[in-house]
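1. Build me a model:
(one chain, ligands or ions: 2)
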Amino acid sequence: MKFIAYGGAGEVGRSAFLLSEKRKSILLDCGIKLGEKVEYPLFPEGFEKTVRDVAISHAHLDHSGHLGSLIAKGARPTIYGIKATKDLTGVLLADYQRIGKNIDFSDRDVSEVIRRFHSYEFREGFRAGGYNARLYNAGHILGSAMVHLEGEKKVLYSGDISARGTRMLDGCEKGLRADALILEGTYGSEELPGTRESVNRLISEIKETIKEGGHVIIPSFAVGRGQEILLLLESYMKSGALPEVKIYMDGMIKKAMKIYRQNVVYAKDEVQKRILLSADDPFASKHFFVPRRRDRKDVLKEPCIIVSTSGMLSGGPVLTYLKELAWNPKNKLIFVGYQAEGTRGRKILDGAKTIEIDDEEVELRLKIAELRISGHAGKSELIQFAQGIKGLKKVILVHGDEESLEEMGEHLAHKYEVVIPKALEEVRI
Ligand SMILES: [Zn+2]
Ligand SMILES: [Zn+2]
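-> Numbering: from 1, shown residues only. Ligands and ions are numbered 1, 2, ... in the order given. Down below sits the predicted model:
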């Protein structure tokens, strides 16, 4: 059995891994790397056309964003994933096709991606690329899956995983059996703060600002954290722990929220029961609002909480709010997610006093807060996850910067053969 990383080796982004053996072959994820410029998997010339089977772990573009180009370059693959992943990928890919730069695929290619998607339930067995395949809950975003493949050997690909449960999702499935594990290491060198700790801080930061009569801006990714944050705020407001103010959702979060609601069967039982048995639908909460005006003046009128894309301030309606609200020290900008190098979000956290929005220097006089509400597993959770896999011999570390992967590798090397592959390097399993 052979493994090659075309992306996602020593980096977070453009995940694309080929697993193959005699007469069997499957591509695991097909993503892009979003940053100051977009980077693609390092497929050899003409490779795309040969791709017949692709399993998609989850909808985030670093795992699905190259599917449109794959079709445009002549591939006619079968795509495997959970139904929620199919729906969310459709929305994210269509949005990227519409607003991205240097796009090399059309909206028709996006439709073709959706048409070629075969969706399966968690734990349901099926054939993919000649392998016996099964998808298991990864706990990262709605529909996120680990891919289990059985050929000469048993291989488990983690995709992005979270070991802790969240408001919406159960933690990833543990104790599976595999000879080899392809494991993400986003936070391979970092312990994440406890969820309760982070949530308490978020609530007290918001309360402080509302009390002062200010606006709270929470930049968020469209899929995953956005929905978690919204449901969290809703439940604190319902219980009276947060004062009643409007919670505005803006940008792609709105659309993704709809798809989350339609695919709520993939959320944890508690959430489903609340909706099905008590007609108490957190998605349809009276506290949620969407802006009515293009210039968002309606949102700016009174103190409120705004959850908007994009998560790292690289675009989206969040910039409109920031431009209007940055002058007032009563207002607050709260970062809840990872801010990559080179983004406005990173610059602000590094202490920038002004940022550029639409060729305008905007002075930042509002308060800034940073906390982590992550959809990934931290260092010891990742190590425990690997140690819980039965029969495990080999661990291939991907989806993390080199430092993170090396630190994680050191911990795992006592018990397993650890490989931190370079891009395009062939690894034997
Ligand atoms: Zn992800
Ligand atoms: Zn990822």
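2. Give me the most central residue, the protein.
-> His60 (4.8 Å; Cα atoms, centre = their mean).
3. what domains does the record give for the protein?
-> 2-190+375-428, 195-370 (automatic domain parsing).
4. Read off the pLDDT value for Asp29.
-> In this model, Asp29 is scored at 99, pLDDT.
5. hang on, it packs against Ile56?
-> Yes: with contact defined as Cβ atoms under 8 Å, Asp29 reaches Ile56; the gap is 6.1 Å. (Each C-beta comes from the backbone N, C-alpha and C, glycine too.)
6. So for these two, which residues contact both of them?
-> His63, Ser64 (Cβ atoms under 8 Å, 6 or more residues apart in numbering).
7. re earlier: residues in contact with the residue nearest to the centre of the chain?
-> Gly31, Leu92, Ile141, Asp160, Phe221, Val223, Gly224.
8. With Phe283 instead?
-> By Cβ under 8 Å, 6+ apart, the neighbours of Phe283 are Leu231, Met257, Tyr260, Arg261, Val264, Ile275.
9. Quick check: closest non-adjacent residue to the third one.
-> It refers to Tyr260. Excluding its sequence neighbours, the residue lying closest to Tyr260 (Cβ to Cβ, 6 or more residues apart in numbering) is Gln227, at 5.0 Å.
10. How about the last one?
-> In space, Ile275 comes closest to Asp281 once its chain neighbours are excluded; the distance is 5.0 Å by Cβ to Cβ, 6+ apart.
11. Need the per-residue pLDDT for the one you found.
-> 87.
12. From the rest of the structure, what touches the helix or strand of the chain with the lowest mean pLDDT?
-> Ranking every helix and strand in the chain by mean pLDDT, DSSP states H and E puts helix 269-278 at the bottom, with a mean of 87. Helix 269-278 has contacts (Cβ under 8 Å, 6+ apart) with Arg167, Met168, Leu231, Val264, Val265, Asp280, Asp281, Pro282, Phe283.
13. What of stretch 345-360?
-> 219, 311-314, 319, 322-323, 333, 335, 339-340, 344, 361-364, 368, 370.
14. what about 10 Å?
-> Contacting residues not belonging to stretch 345-360 are listed as 219, 310-314, 318-320, 322-323, 326, 333, 335, 337-341, 343-344, 361-365, 368, 370 [Cβ atoms under 10 Å, 6 or more residues apart in numbering].
15. pretty sure Ile4 belongs to a strand, no?
-> Yes: when DSSP: H, G, I helix; E, B strand; the rest coil is applied, Ile4 is found to be in a strand.
16. Spatially nearest residue to it, not counting backbone neighbours?
-> Per Cβ to Cβ, 6+ apart, closest to Ile4 is Leu18, 4.7 Å.
17. And for Gly213?
-> Nearest one to Gly213, counting by Cβ to Cβ, 6+ apart, is Pro303 at 5.3 Å.
18. Now for that neighbour, how many residues are close by?
-> 17 (other Cβ atoms under 10 Å).
19. Surely it touches Ile217?
-> No: counting by Cβ atoms under 10 Å, Pro303 does not reach Ile217; the two are 11.9 Å apart.
20. Please enumerate the shared neighbours of the two.
-> The contact lists of Pro303 and Ile217 share Thr209, Asn331, where a contact means Cβ under 10 Å, 6+ apart.
21. so who does Ser198 touch?
-> So Ser198 contacts Leu192, Val336, Leu371, Arg372, Ile373, Ser374 (Cβ under 10 Å, 6+ apart).
22. Validate this expectation: it resides in a helix.
-> Yes: Ser198: assigned to a helix according to three-state DSSP.
23. following the least confident helix or strand of the chain, which helix or strand shows up next?
-> As assigned by DSSP states H and E, the chain's next helix or strand after helix 269-278 is strand 288-289.
24. Give the pairing partners of that next one; include direction for each.
-> If you go by DSSP bridges, strand 288-289 pairs up with strand 247-250 (parallel).
25. Following the strand it pairs with in sequence, what is the next regular element?
-> Downstream of strand 247-250 (by DSSP H and E), the next one is helix 252-262.
26. to the chain's geometric centre, what's the distance from that next one?
-> Chain-centre distance of helix 252-262: 14 Å, with Cα atoms, centre = their mean, to the nearest Å.
27. Packing partners of it?
-> When contacts are defined as 3 or more Cβ pairs under 10 Å, 6 or more residues apart in numbering; DSSP states H and E, helix 252-262 packs onto helix 83-99, helix 225-238, strand 247-250, strand 305-308.
28. if we go to 6 Å?
-> helix 83-99, helix 225-238 (3 or more Cβ pairs under 6 Å, 6 or more residues apart in numbering; DSSP states H and E).
29. possible to save the ones you listed as JSON lines with mean pLDDT, distance to Leu156 and mean neighbour count?
-> Formatted as JSON lines, those follow (pLDDT from 0 to 100; distance: least, Cβ to Cβ, whole Å; neighbours: other Cβ atoms under 10 Å):
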{"stretch": "helix 83-99", "mean pLDDT": "96", "distance to Leu156": "17", "mean neighbour count": "21"}
{"stretch": "helix 225-238", "mean pLDDT": "94", "distance to Leu156": "25", "mean neighbour count": "22"}
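30. can I get the ones you listed in CSV with distance to Met1?
-> Formatted as CSV, those follow (distance: least, Cβ to Cβ, whole Å):
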stretch, distance to Met1
helix 83-99, 25
helix 225-238, 35
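31. now these as TSV including distance to ligand 2?
-> Listed next are the helices and strands packed on helix 252-262 as TSV, based on distance: least, Cβ to the ion, whole Å:
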stretch	distance to ligand 2
helix 83-99	12
helix 225-238	13
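32. closest one to Glu121 among these?
-> Checking the helices and strands packed on helix 252-262 against Glu121 by Cβ to Cβ gives helix 83-99 as the closest, at 7.9 Å.
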